[in-house]
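> Model the following, please.
(chains A and B)
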Number of protein chains: 2
Amino acid sequence: MSDVARIAGVSVSTVSRALSGASGVSAATRAEIKRIAGELVYTISPDASRLATGQTRRVAVVVRDTETWFYYAILGAIEPVLRSAGYDVLFYRVSSEAERDAFFDELPARRNVDAVILVAVPLSNEQVERLGDMAVPIVIAGSWIDHYTSIHIDETRAARQAMNHLIQLGHRRIARIGITDPEGDPWQPDAGRDAGYRAALEASGIDFDPQLNVRMEFSLDGGARAMDQLLSLDEPPTAVFAFSDEVAIGAMRSLRRVGLHVPGDVSIVGVDDHPMAELSDLTTVRQPVREMGTHAARLVIDTLGGNTVEGNVELSTQLVVRGSTASPRGLQWRS
Amino acid sequence: MSDVARIAGVSVSTVSRALSGASGVSAATRAEIKRIAGELVYTISPDASRLATGQTRRVAVVVRDTETWFYYAILGAIEPVLRSAGYDVLFYRVSSEAERDAFFDELPARRNVDAVILVAVPLSNEQVERLGDMAVPIVIAGSWIDHYTSIHIDETRAARQAMNHLIQLGHRRIARIGITDPEGDPWQPDAGRDAGYRAALEASGIDFDPQLNVRMEFSLDGGARAMDQLLSLDEPPTAVFAFSDEVAIGAMRSLRRVGLHVPGDVSIVGVDDHPMAELSDLTTVRQPVREMGTHAARLVIDTLGGNTVEGNVELSTQLVVRGSTASPRGLQWRS
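Coordinates of the predicted model:
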């Protein structure tokens, strides 16, 4: 407005009155001021107008990484829903505990978002306690935390779907390849699938063997290294329940390298229904990741709109049987 | 400050003087005001302080999608560099021409970022012309536009590296699977690789056959459908240069489904060196996507810091030979 006032040769308060339609400004002056303001592309700064309402119209989406399908698929599903509701997406990638700490340290003081979507990020117990200090609504996607709005699958049930399939095929020596945070912070989905794995074994009277329950970093390579470790056992497994399709595909690489066949020698089940799963003919437990992202975004929008939202949303999973699972046949290392 | 003044029972100007260290406030009052302000978690609103400097400390990163490796890998590389320099990342996904138009319409008026990184987004000629209206610095990553800071590979040279390998193996009937924007907007990387494909054929005296130069959507399925189309020709190719590793892996699926072998029946080369490429034993032209993201982020930081930056950065690519390419052998459809 000071630029318009200078060019029009009037006071700033006259410009303000003219643009706001207040009285005390002649029609000619008002027209002239509007013309000059139009040429200067008079735009209300959104940051300024938001300061008045206390809203930023921004939502933070926090992922652990961008190279794992679950994270980039859900990010892609969240963005258009928030965008169409007029929210910008602030993107945070917090791979290490230090990055997560920095996020929790800085967020409240920065006051740069109206809400946070935390996507299946491993969190220490301390970090979970600090969620309450964020001073903005938080939605957990792909995981769950008591007292927070969460949207996720039943991880235990998903694991049992995979395990029941392998057990029904006749497998008894079934390994699990789980994932672990390099710094050992709890990662809810892995804990849930571990529980489902153990429950399925127990329900079928199969003893739990800790050697068959391995955890590696969440990647193709992690799956490959875990499979190498399983193959070095005195009695390797005849079937593997992998944390994700990417982990499963990594495990399949290890098997192929040593000349073992899937499913002839080892059956493999993943979780996700990654686009590559069909290509790899991989049996998997499908989880609705796009729906999870869309729904998480809507939970944020509803919460910010002052509506009551469901505190805990559970989406269902389905076993998709393809060619990577079959009955165990006599393997050289089996008695 | 008005809250502190009310609680302390003093005027706002006294609070202001006390907190800013100005004179005219007794030591006791100053201590009391500081105590109350401390309890109220007196924080300077970053949006307010940024309004004074005209900076938002935010950078927009604009990608076409999040499901293609190139886009999510570069996003993951850009974020930590900007974050560590104190910039937040605003994430935009613009898959359609309408979404790109909306982005260009809204960005100048919203004034919500200090700079934009456009990641290999297809752009109409009109949209390219409108880049000048953005009123903030723009860095192009994975593509290039005259007069804008761009960081990219030499797409033509990358194509020639792939093509020279196939030609040296003895292939003469070489197809290209390119990508196309559903709305037909120019996509620089595809145009560059198309030029390299044609130049390599011409340099070896091989006639260009438009039937062998197909374009599909940029995905696994697109690669699969393009390969189906190539297999339906009277004289199918003995080798395929695919736009990316994902497109190549899709093409390999189509071949496997009809019982054809790679490289026995058809050789395939991709571009990227996707994590899945090694797994699929895919020959590829490696492009340094993480380095591209890191460097693009630094170009933005340097530009915003008032430093002169190189206008056009070209990163090199390397052929990685794996098991998906070999000399052509007598195929049933060859004379």
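
> what about residue A:130, helix or strand, and which?
Following DSSP states H and E, one finds residue A:130 within helix A:125-130.

> tell me which strands and helices whatever helix or strand comes next after that helix is in contact with?
Next along the chain after helix A:125-130, taking DSSP H and E as the criterion, comes strand A:138-141. When contacts are defined as 3 or more C-beta pairs under 8 Å, 6 or more residues apart in numbering or on different chains; DSSP states H and E, strand A:138-141 sits against strand A:115-119, strand A:149-153, helix A:289-304. All C-beta spots, glycine's among them, are computed from the backbone N, C-alpha and C.

> List the contacts of strand A:138-141.
A:74, A:78, A:115-120, A:131, A:148-152, A:292-293, A:296, A:299-300, A:303 (C-beta atoms under 8 Å, 6 or more residues apart in numbering or on different chains).

> that older thread, got the CA coordinates for the helix holding residue A:130 in CSV?
What follows is helix A:125-130 as a C-alpha-only set of coordinates in CSV (Å, rounded to 0.1, in the frame of the first residue of the first chain):
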residue,chain,number,x,y,z
ASN,A,125,9.3,-44.0,23.7
GLU,A,126,10.6,-40.5,24.5
GLN,A,127,9.5,-39.3,21.1
VAL,A,128,6.0,-40.7,21.5
GLU,A,129,5.8,-38.8,24.8
ARG,A,130,6.8,-35.6,23.1
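
> Would you mark the buried spots in it?
Within helix A:125-130, the residues that qualify as buried by neighbour count (16 or more other C-beta atoms under 10 Å in any protein chain shown) are A:127, A:130.

> shaky segments in chain A?
Scanning chain A for pLDDT under 70 picks out A:20-21, A:38-53, A:109, A:330-335.

> Tell me who's in contact with residue A:299.
With C-beta under 8 Å, 6+ apart, residue A:299 has these contacts: A:139, A:149, A:151, A:309, A:310, A:313.

> Would you point out the most distant pair within the residues you listed?
Taking C-beta to C-beta as the measure, the contacts of residue A:299 span a maximum distance of 11.1 Å, between A:139 and A:310.

> So if I had to pick from these two, which one is more boxed in?
Counting neighbours by other C-beta atoms under 10 Å in any protein chain shown for residue A:139 and for residue A:310 shows that residue A:139 has the greater number, 26 against 12.

> Beta-bridge partners for the more buried one, please?
residue A:117, residue A:149 (DSSP bridges).

> Now do the helices in chain A.
A:2-8, A:12-20, A:27-39, A:46-53, A:69-84, A:97-110, A:125-130, A:155-168, A:188-203, A:220-231, A:245-257, A:275-279, A:289-304 (DSSP state H).

> export these to TSV and tack on distance to residue B:280?
Listed next are the helices of chain A as TSV, based on distance: least, C-beta to C-beta, whole Å:
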stretch	distance to residue B:280
helix A:2-8	60
helix A:12-20	62
helix A:27-39	58
helix A:46-53	47
helix A:69-84	16
helix A:97-110	32
helix A:125-130	38
helix A:155-168	24
helix A:188-203	27
helix A:220-231	11
helix A:245-257	9
helix A:275-279	9
helix A:289-304	23
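
> so which of those gets nearest residue B:169?
Closest to residue B:169 of the helices of chain A is helix A:245-257 (C-beta to C-beta; 24.3 Å).

> and the closest one, what does it pack onto?
By 3+ C-beta pairs under 8 Å, 6+ apart, helix A:245-257 packs against strand A:174-179, helix A:220-231, strand A:239-242, strand A:267-272, helix A:275-279, helix B:275-279.

> cutoff 6 Å now
helix A:220-231, strand A:239-242, strand A:267-272 (3 or more C-beta pairs under 6 Å, 6 or more residues apart in numbering or on different chains; DSSP states H and E).

> any idea which of those is most buried?
strand A:239-242 (a mean of 30; mean count of other C-beta atoms under 10 Å in any protein chain shown).

> chain center to stretch A:289-303, what's the gap?
In this view, stretch A:289-303 has its centroid 11 Å away from the chain centroid, taken as C-alpha atoms, centre = their mean, to the nearest Å.

> One more: stretch A:296-313?
Worked out by C-alpha atoms, centre = their mean, stretch A:296-313 lies 17 Å from the chain centre.

> cool, and stretch A:70-85?
10 Å.

> Residues touching it, excluding its own?
Outside stretch A:70-85, the residues that touch it by C-beta atoms under 6 Å, 6 or more residues apart in numbering or on different chains are A:59, A:61, A:63, A:65-66, A:89, A:119, A:289-290, A:293-294, A:297, A:301, B:66-67, B:72, B:93.

> Just the buried ones from those residues?
By 16+ other C-beta under 10 Å, the contacts of stretch A:70-85 give A:59, A:61, A:63, A:65-66, A:89, A:119, A:289, A:293-294, A:297, A:301, B:66-67, B:72, B:93 as buried.

> Out of these, which two sit at the greatest distance?
A:65 and A:301 (25.7 Å).

> Give me the neighbour count for residue A:192.
20.

> nearest residue to it other than its sequence neighbours?
Nearest residue to residue A:192, sequence neighbours excluded (C-beta to C-beta, 6 or more residues apart in numbering or on different chains): residue A:155, at 2.7 Å.

> What of residue A:188?
residue A:143 (4.1 Å).

> which residues sit in contact with the one you found?
Taking C-beta under 6 Å, 6+ apart, we find residue A:143 in contact with A:120, A:152, A:188.

> Residue A:32 now?
By C-beta under 6 Å, 6+ apart, residue A:32 lies in contact with residue A:8.

> separation between it and residue A:18?
Relative to residue A:18, residue A:32 is positioned 9 Å away (C-beta to C-beta, to the nearest Å).

> domains for chain A, by residue range?
A:2-44, A:56-152+A:289-316, A:155-287+A:319-327 (automatic domain parsing).

> Ends of the last one, what's the gap?
So the one you mean is domain A:155-287+A:319-327. By C-alpha to C-alpha, to the nearest Å, the extent of domain A:155-287+A:319-327 from end to end equals 25 Å.

> Check the second one too.
In domain A:56-152+A:289-316, first residue to last residue: 34 Å (C-alpha to C-alpha).

> So what's the gap between it and the chain middle?
Distance, centroid of domain A:56-152+A:289-316 to centroid of chain: 8 Å (C-alpha atoms, centre = their mean).

> Check the last one too.
The gap between where domain A:155-287+A:319-327 is centred and where its chain is centred comes out at 21 Å by C-alpha atoms, centre = their mean.

> go on, the shortest one?
Put simply, domain A:2-44 sits 49 Å off its chain's centre (C-alpha atoms, centre = their mean).

> which one of the helices and strands packed on strand A:138-141 lies closest to residue B:197?
Closest to residue B:197 of the helices and strands packed on strand A:138-141 is helix A:289-304 (C-beta to C-beta; 34.5 Å).

> That closest one to strand A:115-119, inter-axis angle?
Helix A:289-304 and strand A:115-119 meet at an angle of 160 degrees, taking axes from the mean of the first three to the mean of the last three C-alpha atoms, to 10 degrees as the criterion.

> can I get the CA coordinates of helix A:289-304 in CSV?
The C-alpha coordinates for helix A:289-304 follow below in CSV (Å, rounded to 0.1, in the frame of the first residue of the first chain):
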residue,chain,number,x,y,z
VAL,A,289,-1.8,-48.0,0.7
ARG,A,290,-3.4,-45.4,-1.6
GLU,A,291,-6.7,-45.6,0.4
MET,A,292,-4.7,-45.2,3.6
GLY,A,293,-3.1,-42.0,2.3
THR,A,294,-6.4,-40.6,1.0
HIS,A,295,-8.1,-41.4,4.2
ALA,A,296,-5.3,-40.0,6.4
ALA,A,297,-5.5,-36.7,4.5
ARG,A,298,-9.3,-36.5,5.0
LEU,A,299,-8.9,-37.2,8.7
VAL,A,300,-6.6,-34.1,8.9
ILE,A,301,-9.0,-32.0,6.9
ASP,A,302,-11.9,-33.0,9.0
THR,A,303,-10.0,-32.4,12.2
LEU,A,304,-8.9,-29.0,11.1
